[in-house]
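# build me a structure from this.
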Amino acid sequence: MNLQEELNKIAQENGVYYFGVSDLSDAEEFIVEQGGKELRAYPYAVSLGIKLIDPIVDRLPHRKERSVALNYRHHAYNVINSRLDLIASVLSSHIQERGHRALPLPASERIDD
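Numbers count the residues shown, from 1 in each chain. The predicted model follows:
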């Protein structure tokens, strides 16, 4: 089993529904411009996604209701982002154990003004 297959298996075992690996060489200039020269050390990206709970998403047309907004923010945002961060850490550790460099980036976080 190659590294990508190992990572995909670990990701799926941890609830990841969407998984992909991308060669970043074609985007290197843009990435360095956005994030700095140190990112050249990471020629690949791993992308992860977890499906949101259907009943929470189904209630989004009523997002102006406090209970709907709070439930979405907690379960579909805070909980899912924490899960993604944890899985990214697990995958990064595995990549490192296989002799490669890995830099886990945090899941999207909302910054309140």
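# contacts for stretch 83-93?
Judged by CB atoms under 8 Å, 6 or more residues apart in numbering, the contacts made with stretch 83-93 from elsewhere in the structure are 7, 10-11, 14-16, 46, 48, 50, 102-107. Placement of C-beta: from N, CA and C, glycine included.
# list the contacts for residue 53?
Neighbouring residues of residue 53 by CB under 8 Å, 6+ apart: 75, 76.
# just want the most central residue of the chain.
residue 48 (4.3 Å; CA atoms, centre = their mean).
# residue boundaries of the helices in the chain?
Counting by DSSP state H, the segments of the chain that form helices are 3-13, 28-35, 54-58, 66-71, 80-97.
# so how far is the shortest one off the chain centroid?
Its chain's average C-alpha position is 20 Å from that of helix 54-58, according to CA atoms, centre = their mean, to the nearest Å.
# for it, C-alpha coordinates in CSV please.
Backbone C-alpha positions of helix 54-58 (Å, rounded to 0.1, in the frame of the first residue of the first chain) are rendered in CSV as follows:
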residue,chain,number,x,y,z
ASP,A,54,-28.4,16.5,7.1
PRO,A,55,-31.0,17.7,9.6
ILE,A,56,-28.7,20.6,10.6
VAL,A,57,-28.1,21.6,7.0
ASP,A,58,-31.8,21.2,6.2
